[in-house]
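Q: Requesting a structural model of the entry that follows:
(one chain, ligands or ions: 2)
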Amino acid sequence: MSELLSKFYKKTTAERNKIIKELTHQDFQSTTLSEEQGSQLIENYLTNYAVPLGVGLNVQVNHQAYLVPLATEEPSVVAALSNGGKILGNIDATTKERRIIGQIIMKCHPENNLEQMTQQIEKNKDHLLEVANQYCESIRSYGGGPVDIWLKGYPEDLPEFATIYLSFDPVDAMGANQLNTVLEALAPDVSRIIDTEVVMAILSNYQDLALTQAMVEVPIDRLKSNQYSPEQLAQRIEWASHYAQLDPYRAVTHNKGIMNGITALALATGNDTRAIEAAVHAHASRDGQYRGLSQWNYDAEDGVLKGELTIPMPVATVGGTLSSHPQSQQVLKTLNVTSAKELANVMVSVGLIQNFAALRALVSEGIQAGHMQLQARSTAQQVGTLPEELPDMVHLLMQQSEINQRVAAQLLDKIRKNK
Ligand SMILES: CC(C)(COP(=O)([O-])OP(=O)([O-])OC[C@H]1O[C@@H](n2cnc3c(N)ncnc32)[C@H](O)[C@@H]1OP(=O)([O-])[O-])[C@@H](O)C(=O)NCCC(=O)NCCSC(=O)C[C@@](C)(O)CC(=O)[O-]
Ligand SMILES: NC(=O)C1=CN([C@@H]2O[C@H](COP(=O)(O)OP(=O)(O)OC[C@H]3O[C@@H](n4cnc5c(N)ncnc54)[C@H](O)[C@@H]3O)[C@@H](O)[C@H]2O)C=CC1
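A: Residues are numbered from 1 along each chain as shown. Ligands and ions are numbered 1, 2, ... in the order given. Below you'll find the predicted structure:
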């Protein structure tokens, strides 16, 4: 496989597709979302909005190699993943449990007492779980369903409200529809048992019971840079990681870099990108301050750079849109994952690799060197540069103090006049 994929980015699109078809039996060029399928997915359907789909290489998770399709409009994201993956090598990833949480939020009467309500729910727990089980037989047949139920109030801040929390095992689905059905079915029983008024019943996108951890230890001799020794580069990456813990201005950018790969893979697999982003950013501010999500530490004694990223990853391999979207199905087959836990492991590893690639560039040659080369290609194409004109155009654009469509159009004019 590695022979076929060497200098993959220098091949033509047709050659790349041929190789991927040989490796995965997936024909990306002939699979599209039909008008009929599109109009079944959303309302007032008009057409499909195209986002480029590329493939990230060199991703190895738990000693298994993955081809990682990414749907993104941003130049250099795919290159950065392949580049970071090539340097880091194997990532160890684990997802111990995947539970989602739902809420039944209630307005209490003045006579409601938090302690008594808690006792009532505890006393009726088995009954409530039995009712909940009746509304999700399908997911139970896969080994999932309701796990636990408890009540919580906020007596000091909002004494007039209390919430029933229900944890739920969605197995390989995201579980949002499944859990919402259960919560709405359960709400009348709850309000009867503790005599409160139900305000709403809905799953939470705060996913602190569905954490995935990705870890890597990279020998520093793999860290190459023109300006810095491997030791200096490892040290500078550690500084970048520590600083992102302190300053929200930097932390948000740091985490955006992590999400470059994660959101692109979530979109390609037909997962709910908003749910993933909401959960991840909430996790970044779990102690009250928004912080960088990854940690990089340089162990000078062992000569290794250690990286770690632990975040919620509420992904699915079945259900929702992804089961009926032909391109999502194709992407999942290409990834060759067999469970949502495995997909979560790959997702978070992609985030760690993407973060490493960005930090490595930022603390050495700077982000513009690599990113702008690819941005220049994209700007050149936007003004109608032909493939045979592209190398000259990119070369000229990279010498400009500013890269934009106006500059690119002037240069293209010049190239064509000088032909
Ligand atoms: C851009 C690179 C990869 C160049 O990196 P390079 O050192 O010129 O790469 P190389 O020529 O040594 O090639 C190494 C490998 O990279 C891949 N590669 C190399 N070039 C390409 C290409 N054209 N197309 C596809 N793949 C490419 C490819 O896999 C290649 O292996 P090979 O095929 O030779 O065996 C590097 O500078 C890099 O990783 N930069 C980081 C870019 C990045 O993170 N972009 C995200 C957008 S910026 C942003 O949104 C977030 C940010 C940065 O603000 C976050 C933060 O602040 O933390
Ligand atoms: N706040 C949020 O994030 C909300 C999200 N949504 C949307 O809900 C959708 C996802 O809901 P789901 O309940 O996941 O989808 P779903 O309603 O399609 O349910 C999953 C189905 O897959 C079946 N299944 C087959 N094999 C399975 C396996 N191995 N493991 C688990 N289930 C298996 C289940 O029995 C179930 O019928 C997404 O489209 C999401 O955007 C909906 C409401 C709110």
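
Q: Sort out which residues of stretch 180-195 are buried, please.
A: With burial defined by 16 or more other CB atoms under 10 Å, the residues of stretch 180-195 counted as buried are Val182, Leu183, Glu184, Leu186, Ala187, Val190, Ser191, Ile193, Ile194. Placement of C-beta: from N, CA and C, glycine included.

Q: and what of stretch 56-65?
A: The neighbour-count criterion (16+ other CB under 10 Å) identifies Gly56, Leu57, Asn58, Val59, Gln60, Val61 as the buried residues of stretch 56-65.

Q: cool, stretch 115-123 as well?
A: Across stretch 115-123, burial judged by 16+ other CB under 10 Å covers Met117, Thr118, Gln120, Ile121.

Q: likewise stretch 152-163?
A: Counting neighbours by 16+ other CB under 10 Å, the buried set in stretch 152-163 is Gly153, Phe161, Ala162, Thr163.

Q: The first one and Met117 touch, don't they?
A: Yes. Counting by CB atoms under 8 Å, a contact exists between Gly153 and Met117, whose distance comes to 7.4 Å.

Q: anything in contact with each of these two?
A: Taking CB atoms under 8 Å, 6 or more residues apart in numbering as the contact definition, Gly153 and Met117 share the neighbouring residues Cys108, Ala162.

Q: Which residue comes closest to Leu233 once chain neighbours are left out?
A: Setting aside the residues directly before and after it, Leu233 is nearest to Leu223 in space (CB to CB, 6 or more residues apart in numbering), at 4.5 Å.

Q: Could you show which parts of the stretch 251-400 of the chain are in contact with ligand 1?
A: If contact is defined as CB under 6 Å from any ligand atom, the residues of the stretch 251-400 of the chain in contact with ligand 1 are 253-254, 256-257, 260, 357-359, 361-362, 367, 370-371, 374.

Q: average pLDDT across stretch 127-140?
A: Averaging pLDDT along stretch 127-140 yields 96.

Q: Can you measure across that stretch, start residue to end residue?
A: When the termini of stretch 127-140 are compared using CA to CA, to the nearest Å, they are 17 Å apart.

Q: same question, stretch 289-296
A: Counting by CA to CA, you get 19 Å between the two ends of stretch 289-296.

Q: Tell me which residues of it come out buried.
A: Counting neighbours by 16+ other CB under 10 Å, one finds that the buried residues in stretch 289-296 are Tyr290, Arg291, Gly292, Leu293, Ser294, Gln295, Trp296.

Q: hmm, who's touching that stretch?
A: Judged by CB under 8 Å, 6+ apart, the contacts made with stretch 289-296 from elsewhere in the structure are 237-238, 240-241, 243-246, 248, 250-252, 254-255, 258, 280-281, 283-285, 305-311, 351-352, 355-356, 359.

Q: Listing request: residues of the stretch 1-150 of the chain with sub-threshold pLDDT.
A: Confidence mapping of the stretch 1-150 of the chain against pLDDT under 70 gives the ranges 1-4.

Q: all strands for it, in order.
A: Counting by DSSP state E, counting those that start in this stretch, the stretch 1-150 of the chain has strands at residues 53-61, 64-71, 90-95, 100-107, 145-154.

Q: mind checking which of those strands is nearest ligand 1?
A: The stretch from the strands of the stretch 1-150 of the chain with the least distance to ligand 1 (CB to the nearest ligand atom) is strand 53-61; that distance is 5.4 Å.

Q: and that closest one, how far out from the chain's middle?
A: Here the centre of strand 53-61 is set off from its chain's centre by 14 Å, with CA atoms, centre = their mean, to the nearest Å.

Q: now do stretch 14-33
A: Using CA atoms, centre = their mean, the distance from the centre of stretch 14-33 to the centre of the chain it belongs to is 24 Å.
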